[in-house]
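[1] model this:
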Amino acid sequence: MNIALRLPDSLGKELKAFSQKESISMNQFIATAVAEKMATLQTYDYLSERAKRGDLDHMKGMLDRVAADEPDEVDRRR
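    Sure thing, here's the model as predicted:
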């Protein structure tokens, strides 16, 4: 698929410089950026749909079954 894309001059210059520095084509950079953005949006949609199916009372019931012991030293975050 071919798409004509207009970028502001400043962004186009940055894209060109970055692409040259990384030895990739501007097309490859843009394609990768679009793929990353699409993956992010799809993940957000997926998680939003999963959240709608969530049951707070069920989650609280599961947490009530967890032991109230302090975590092991290796599991503590500092």
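[2] contacts, neighbours, all on C-alpha from now
    OK.
[3] which parts of this structure are helices?
    Per DSSP state H, the chain carries helices over the ranges 9-22, 26-52, 56-64.
[4] quick one: average pLDDT of the first one?
    Helix 9-22 shows an average pLDDT of 96 in the prediction.
[5] same check, this time on the shortest one
    Regarding helix 56-64, the rounded mean pLDDT is 91.
[6] CA atoms only: put that helix into PDB for me.
    In PDB, the C-alpha atoms belonging to helix 56-64 read as follows (Å, rounded to 0.1, in the frame of the first residue of the first chain):
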ATOM      1  CA  LEU A  56     -14.800  -7.100  41.800                       C
ATOM      2  CA  ASP A  57     -16.500  -9.400  44.300                       C
ATOM      3  CA  HIS A  58     -14.800 -12.400  42.800                       C
ATOM      4  CA  MET A  59     -11.400 -10.700  42.900                       C
ATOM      5  CA  LYS A  60     -11.900  -9.800  46.600                       C
ATOM      6  CA  GLY A  61     -12.900 -13.400  47.300                       C
ATOM      7  CA  MET A  62      -9.700 -14.600  45.700                       C
ATOM      8  CA  LEU A  63      -7.600 -12.100  47.700                       C
ATOM      9  CA  ASP A  64      -9.300 -13.200  50.900                       C
END
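[7] so how far is residue 33 from residue 21?
    According to Cα to Cα, to the nearest Å, residue 21 and residue 33 sit 17 Å apart.
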